[in-house]
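Q: take a look and give me a structure for this.
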Amino acid sequence: MTWMISESSSETKYTNLNKILMTGNKADAVRIQTSVLNAAEKKILVWLAERQPKWMTSDILTYIGVSGAVMIAAGYMLSSLNINWLWFSSLGFAVNWYGDSLDGTLARVRKHQRPIYGYYLDHTVDAINEFIMVLGIGLSGLMHLNLALIILSFYFMLTINVSINAHLKKEFKLTYAKLGPTEFRVIMVMVNTLFILIPALNSFTHEFTVFGHEVTFRAMDYVSVVILAVLAVIYLTSIVKDAKEYARIDPPHKVQ
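A: Residues are numbered from 1 along each chain as shown. Alright, predicted model coming up:
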């Protein structure tokens, strides 16, 4: 009897999902992307999607994006042996962009969208990719691991806020202050290049005391502090703005 109830519940669940897809009442949110490179990037991605071999699928591209994240992490960790490994990390950013940005475009160009599966896989893999990349740079010796994990935490909090808004407002905001994932990749490639070409950046250290503890900062630590500050400002201003908007939509009950 338990098995029969379970099976019936499962069938009902998948029937409901199919109804959502067939009736068009799916929880697809409007993608809001106003980044600096967005217009040019869209054209490039469509051009690439139209020229992909028939055997290429969105899933394969997603896994290519993961391989790029692994390359990024490996390059950063190996940079402690030779700073030129940062070139490998930069190549990883390109590979990650190719897979992560093209998978959805390929599905749309071929009209093979899978809204529920695609949404789940895309955002799950995004979190995995960010974890791999940030952990790699945190273990590289270029940046304090604690700072890297704090940045990752703020990034995940911002991602959660975006997902909440996608559910409540049907808006999926991909960019802030004209910056999105692609711009971030470009910035990191530029930072990597500077560290390779300017030895003084890699050898720079600054010692100071925090709460009685001696702390040594390298140049990449200061880069991480800037990134952390930007993420914190974006997150705090976003939740204040969103909370005010939701308060207007859903005002408190008047006391009788």
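
Q: for Tyr120, grab the count of nearby residues.
A: For Tyr120, the neighbour count with other C-beta atoms under 10 Å is 11. All C-beta spots, glycine's among them, are computed from the backbone N, C-alpha and C.

Q: got a list of contacts for the helix or strand encompassing it?
A: Using DSSP states H and E, Tyr120 sits in helix 115-138. The contact list for helix 115-138, computed with C-beta atoms under 8 Å, 6 or more residues apart in numbering, reads 17, 20-21, 26, 28, 58-59, 62, 65-66, 68-70, 72-77, 89, 96, 100, 103-104, 107, 143-145, 147-149, 151-152, 155-156, 159, 163, 220.

Q: ok, now stretch 68-87?
A: 88-100, 128-130, 132-133, 135-137, 139-142, 192-193, 195-196, 199, 202.

Q: select only the buried ones of these in ChimeraX?
A: The following ChimeraX line selects those of the contacts of stretch 68-87 that are buried, judged by 16 or more other C-beta atoms under 10 Å:
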select :88,89,90,91,92,93,95,96,97,98,99,100,129,130,132,133,135,136,137,140,142,192,195,196,202
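
Q: so which of the contacts of stretch 68-87 are in helices?
A: 88-100, 128-130, 132-133, 135-137, 192-193, 195-196, 199, 202 (DSSP state H).

Q: can you map out the strands along the stretch 1-150 of the chain?
A: In the stretch 1-150 of the chain, the segments counted as strands under DSSP state E, counting those that start in this stretch are 30-32.

Q: low-confidence ranges, it, go.
A: 1-35 (pLDDT under 70).

Q: kindly recompute the last result at 50.
A: For the stretch 1-150 of the chain, applying pLDDT under 50 flags the ranges 1-10, 13-27.
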